[in-house]
Structures are given as structure tokens and as C-alpha cells.
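Trainee: The following block contains a protein sequence and its predicted model.
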Amino acid sequence: MMARQVLAPLLATFMLIVGATFGYGFYLVFRTAQPQRSSGRPSSAPALTGVALQADLRQAGQSLTSGKIEQAILAYRRILAQVSSLEAHLGLAEAELRAGREALAAREFEHVLELEPRNPTALRQLGRIGAREPRTWAHAEERYRAYLGVKPGDAEARLALARLLAWQAKSAAACEMFSDRRVAPLMTLDDRRSYAFALAATGRTREAEALTRELLALQPGDHALEAQLAGLYASRRDWHAAVPLYRLLVQRR
């Protein structure tokens, strides 16, 4: 009996201690799970501005100039993670171009146009990149036209647009670009060939015939040019010239 009277208070005290310990533990768990109140200060570093931004841009540009392409890309991306910068987008686009990643470069040039819709560098580069694949020719044409609205004297861009128009069978527009006196000195034999076909397609038969004959003197045996010349002769009923040429074409095939 005496042992029971002694053990009962001890057991009760032990249960109180255990209960208090578990209770405090649950309280700590609950408190930790609650969202912390904001202290009113941003959790991330403040956006780059002023001198700091220019210093980072200068450093990224130096990496690009010295050929440290991937280092420049990381530097420009760090800047863009903190602030929207036209110069950083342009630098990143140029770096991606040098790395051979034209799709990523095009995306950055599009970001540039969001900030400055008539930026000549972005417009020209997007035209050049888009000209590589038939599915993006229409988009490339749009960019080149916008670029020439800003830089109308760029003969190389005019020639690039003329090629795009010829590839899309927009013959009248292609002839307009090819016939520009600033473009003529830059044209290759393939360009002049495209011009000859565009002239014929638009009904400018005399000009087409003269250019086709000139090209055949430089590239004898070109089947497509010979067929065009025969067709031009036939269109004006010059059978004396057309029939022998058609006969020659049949014999070769």
C-alpha cells in the first residue's frame, strides 16, 4: 500500500512532463509551417541600374569581343535576369549567332523589336535568318521590308529581298528590286538568272530575251535558260529561231 501511494504521484508527474514536451514540440512544428511575414524588403537583389548596369554590359561586351562566347552569353543572361535591357538582348543575340544557335538568336532579336520596333540590326538579322528556310520566307520578307524602311540605301539588303521575292515567285516585285541600279553591281550569275526568269514571267519579253542570251553566252548548255529562250522566240512567232532550239533540247533529253 505504501509503495502504491509513493508511485502514484511520481507517475502523474512523469505523465505531465511527457505531455508538456509533446505539446511544445507540436507548437514548434506548427509555427515553422506558417508563412513568414514579409519584412517589406525584396528577397532578391535589386535590379541593375546606372553605373552598375553599364559596367556589367561593358564586361559582357569585352567577353564577346575577345571570343569568350559562352562567358558572354552567361553575362548577358545574368543582366537580363535582373533588368530588361535592349543592349543586353542585342549582345546576347549576337553571341548566340556566333555560337551557331540561330533560333535562339532570332528569339533575342524579336525581344529587341518588342523594345524598339524599328531597330535596324534586329530587322536585318531576322531577315537573314528567316531567308534560310522556305517556311520562314514570308516572315523574312516582312523583316527586310521593315529594315529597308529604316535603311533604304542598303543595296545588299535590297538584293537579299530580291532573292526572297524570286524564290516565292513574286516576279514583279523581284524585278523591281533586281533592277535597282545600286543592286546590279552586287548580283551573281545566279541572281541574274533569277532576274531573267522573273522578267519572262512578268511579260517583259525583250528584256528577258536579251538577258537570257547574255547568260547563255556565259553558261552554254543551261537547259532551263535554253528552254526559256526557245519559249521567248515562240511567243513572238520566230519559228526560225525557236524550232532548232527546241530540236536541240529534245535531242539532249
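Mentor: Looks like it came in fine.

Trainee: what ranges of this protein fall below the confidence cut-off?
Mentor: Applying pLDDT under 70 to the chain flags residues 1-49.

Trainee: all helices for it, in order.
Mentor: Using DSSP state H, the helices of the chain run over 2-33, 50-65, 69-80, 86-98, 102-115, 120-130, 137-150, 155-167, 171-178, 189-201, 205-218, 223-235, 239-252.

Trainee: okay if I get those helices as CSV plus mean neighbour count?
Mentor: Placement of C-beta: from N, CA and C, glycine included. Putting the helices of the chain into CSV (neighbours: other Cβ atoms under 10 Å) gives the following:
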stretch, mean neighbour count
helix 2-33, 9
helix 50-65, 15
helix 69-80, 19
helix 86-98, 22
helix 102-115, 17
helix 120-130, 22
helix 137-150, 18
helix 155-167, 21
helix 171-178, 20
helix 189-201, 20
helix 205-218, 16
helix 223-235, 18
helix 239-252, 12
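
Trainee: Pick out the residue closest to the middle of this protein.
Mentor: residue 106 (1.7 Å; Cα atoms, centre = their mean).

Trainee: does it really touch residue 131, like I thought?
Mentor: No. Using Cβ atoms under 8 Å, residue 106 is not in contact with residue 131; the gap is 11.7 Å.

Trainee: now the closest residue in space to residue 70 that isn't next to it in sequence: how far from residue 77?
Mentor: Spatially, and ignoring its direct neighbours in sequence, residue 70 is nearest to residue 99 (7.2 Å; Cβ to Cβ, 6 or more residues apart in numbering). As judged by Cβ to Cβ, to the nearest Å, residue 99 and residue 77 stand 13 Å apart.
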